[in-house]
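S.K.: could you look at this predicted model? Sequence included:
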Amino acid sequence: MSQDYIDSVRKQFEYYKMLGEKTIAQLDDEQLFWKYNEESNSIASIVKHLWGNMLSRWTDFLTSDGEKEWRNRDAEFDNDISDRIELLAKWNEGWDCLFHALDSLNESNWNTIVYIRNQGHTVMEAINRQLAHYPYHVGQIVFIGKMALDDKWSSLSIPRGNSQSYNSEKFAQPKARTHFTDEYLKK
């Protein structure tokens, strides 16, 4: 097992969690439930889906199939979260479940085969699968937030028009290994 890999994965998940939270924080309650049309999802529905997926995949991560019998995936897309408090509770419960599972990994269980819908994955493959899935949905949350806020949107990375000055500042510094530092999580 590579602790460097687990640390890197954790930082990646933390980064995407932060992007979602900074988006949610910018929005009023009505915007969290807004849908472009009947076929699209609200931010609340996306959060509910992430929550359902995270609980299913990461509960008993090493010992039971990641698609739990109790999961009702279709219902995750119902727009029935009642308010911001419930939305944030589900958001945090899902992420807490993920981080708890990551914290449980060690040399003795690293080579376990993890099943998702009865298909075997190495632990690394199962983690990578979710590391591709969650940013996809966080990107949707950010996109919906940008649409809802229009010109009131506050950039989560380098604001438009500031790339050159940002890069100049970075290249003026000596080379250093700063991959996934707290500074990275802020950009």
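M.R.: Thanks, I have the structure now.
S.K.: when you work out contacts or count neighbours from here on, use the C-alpha atoms and nothing else.
M.R.: Fine.
S.K.: show me which residues of stretch 50-70 are buried.
M.R.: Within stretch 50-70, the residues that count as buried by 16 or more other CA atoms under 10 Å are 50-59, 61-62, 64-68.
S.K.: which members of those occur in helices, if any?
M.R.: In helices, judged by DSSP state H, the following of the buried residues of stretch 50-70 are found: 50-58.
S.K.: what about stretch 80-89, how long is it end to end?
M.R.: End-to-end distance for stretch 80-89, by CA to CA, to the nearest Å: 14 Å.
S.K.: which residues does it contact?
M.R.: 29, 32, 44-45, 47-48 (CA atoms under 8 Å, 6 or more residues apart in numbering).
S.K.: then stretch 129-139?
M.R.: Contacting residues not belonging to stretch 129-139 are listed as 9, 12-13, 16-17, 19-20, 46, 50 [CA under 8 Å, 6+ apart].
S.K.: what ranges does this protein have for its strands?
M.R.: 113-116, 119-122 (DSSP state E).
S.K.: tell me the mean pLDDT for stretch 161-177?
M.R.: For stretch 161-177, mean pLDDT is 89.
S.K.: please apply the same query to stretch 110-128.
M.R.: So the average pLDDT for stretch 110-128 ends up being 97.
S.K.: ok, now which ones touch residue 120?
M.R.: Shown here is residue 120, whose contacts under the criterion CA under 8 Å, 6+ apart are 113-114.
S.K.: wait, residue 21
M.R.: So, once contact is read as CA under 8 Å, 6+ apart, residue 21 ends up touching nothing.
S.K.: quick check: residue 115 touching residue 66?
M.R.: Yes: with contacts defined as CA atoms under 8 Å, residue 115 counts as touching residue 66 at a distance of 6.0 Å.
S.K.: any regions of the chain where pLDDT drops low?
M.R.: 1, 178-187 (pLDDT under 70).
S.K.: in this protein, which spans are helices?
M.R.: When secondary structure is read from DSSP H, the chain shows helices at 3-26, 29-32, 43-58, 84-103, 123-149, 163-171, 182-186.
S.K.: the fifth one: which residues count as buried?
M.R.: Meaning helix 123-149. Residues of helix 123-149 classed as buried under the neighbour-count rule (16+ other CA under 10 Å) are 123-124, 126-127, 130-131, 134-135, 137-138, 140-142, 144-146, 148-149.
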